[in-house]
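[1] Quick check, what structure comes out for this input:
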Amino acid sequence: MEPIKSNLISLSKTLVYLLILYLILITGNTFSQEKVIWEISYNKLNSEIHFKAKIEKGWHLYAIYVPSPEDGPLPTSIQFHKKKGVTLKDSLVQHSPIIKYDKNFGLDLAYYEDTTTFRQPITINKNKGYLNGSIDYMTCNDKMCIPYHYPFEIKINRPN
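    Next up, the predicted model:
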């Protein structure tokens, strides 16, 4: 009788550990999924870097320029760390965001749904250029907000 009891206790512990591991994997998978897919490209016609964001249905991406940046969710921020053969012109350009009062934050928020593109005008100083940096942003749905850090790099060839 004692070996059966010992085996049942061992089996119970194993099942509890497996259940915990399963819950961690499922929860971790939910939070690790990107809610925004970024496509970074060079537009030769306008000499701009385009940061296209494809936003998962039901989620918002906050704008770069927001009504109350110190009080609300994290606005999108694009930082350039290294530049070679490229000069940034002017500031980042954003499309007009949706501006709507959010009861959770208690203020007007500026955000995007579905898709948007941020644009950075540049000048190419040589035949080839290189930029790298990162995009820090927050996405929220009606239940939670998730901050992200997305590193990027792009090589640019001067148009002929």
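[2] And the protein, what are its domain boundaries?
    Using automatic domain parsing, the domains assigned to the chain come out as 1-33, 35-157.
[3] Can you identify the element that follows the worst-scoring helix or strand of the chain on mean pLDDT toward the C-terminus?
    Here the helix or strand of the chain ranked lowest by mean pLDDT, DSSP states H and E is helix 2-32, holding a mean of 47. Going down the chain from helix 2-32, the next helix or strand is strand 36-43, by DSSP states H and E.
[4] Let's see whatever helix or strand comes next after that following strand as PDB, backbone CA atoms only.
    Next in sequence after strand 36-43, counting helices and strands by DSSP H and E, comes strand 48-55. The C-alpha coordinates for strand 48-55 follow below in PDB (Å, rounded to 0.1, in the frame of the first residue of the first chain):
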ATOM      1  CA  GLU A  48      12.200  59.400 -46.800                       C
ATOM      2  CA  ILE A  49      12.500  56.500 -44.500                       C
ATOM      3  CA  HIS A  50       9.000  54.900 -44.000                       C
ATOM      4  CA  PHE A  51       8.100  53.100 -40.800                       C
ATOM      5  CA  LYS A  52       4.900  51.300 -41.600                       C
ATOM      6  CA  ALA A  53       3.000  49.800 -38.700                       C
ATOM      7  CA  LYS A  54       0.500  47.000 -39.200                       C
ATOM      8  CA  ILE A  55      -1.600  46.900 -36.000                       C
END
